[in-house]
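Enquirer: No letters, just coordinates:
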């Protein structure tokens, strides 16, 4: 069972994230800048669709993308340029 949080509730420890579905940690809360920064600092990210509760995830393993190390292939770059 996942924890339900409100705007003032801290995130549960990421070790409590479910294994199935992988990484589901909690639901609820808000998408304020303070909440998002706190989440990202702890390896947590939101998944949200209008009319549904905010789901917070911390899957294991996670991918970390280092922007300065990103290499965009020629074909992807071309596709991005041509499709805006």
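Expert: Thanks, I have it. Please read all numbers here as calculations on a predicted model, not as lab measurements.

Enquirer: Now do the strands in the chain.
Expert: Along the chain, the stretches classed as strands by DSSP state E are 3-5, 24-28, 45-47, 55-57.

Enquirer: For residue 18, which of those is the nearest?
Expert: Taking Cβ to Cβ as the criterion, strand 24-28 is the member of the strands of the chain that comes nearest to residue 18, at 4.6 Å. To be clear about C-beta, it is placed using only N, CA and C from the backbone, and glycine gets the same treatment.

Enquirer: Which positions within the helix-or-strand element of the chain with minimal mean pLDDT qualify as buried?
Expert: The helix or strand of the chain with the poorest confidence is helix 74-83; it has a mean of 90 (mean pLDDT, DSSP states H and E). Within helix 74-83, no residue qualifies as buried by neighbour count (16 or more other Cβ atoms under 10 Å).

Enquirer: now stretch 60-69
Expert: Buried, per 16+ other Cβ under 10 Å, within stretch 60-69: nothing.

Enquirer: Give me the contact list for it.
Expert: With Cβ atoms under 8 Å, 6 or more residues apart in numbering as the test, stretch 60-69 has contacts from 17, 22, 23, 43.

Enquirer: If we only consider those residues, which is nearest to residue 9?
Expert: For these, the closest approach to residue 9 (Cβ to Cβ) belongs to residue 17, at 15.9 Å.

Enquirer: I'd say that closest one and residue 23 touch.
Expert: Yes. Applying Cβ atoms under 8 Å as the test, residue 17 and residue 23 come out as touching, 4.9 Å apart.
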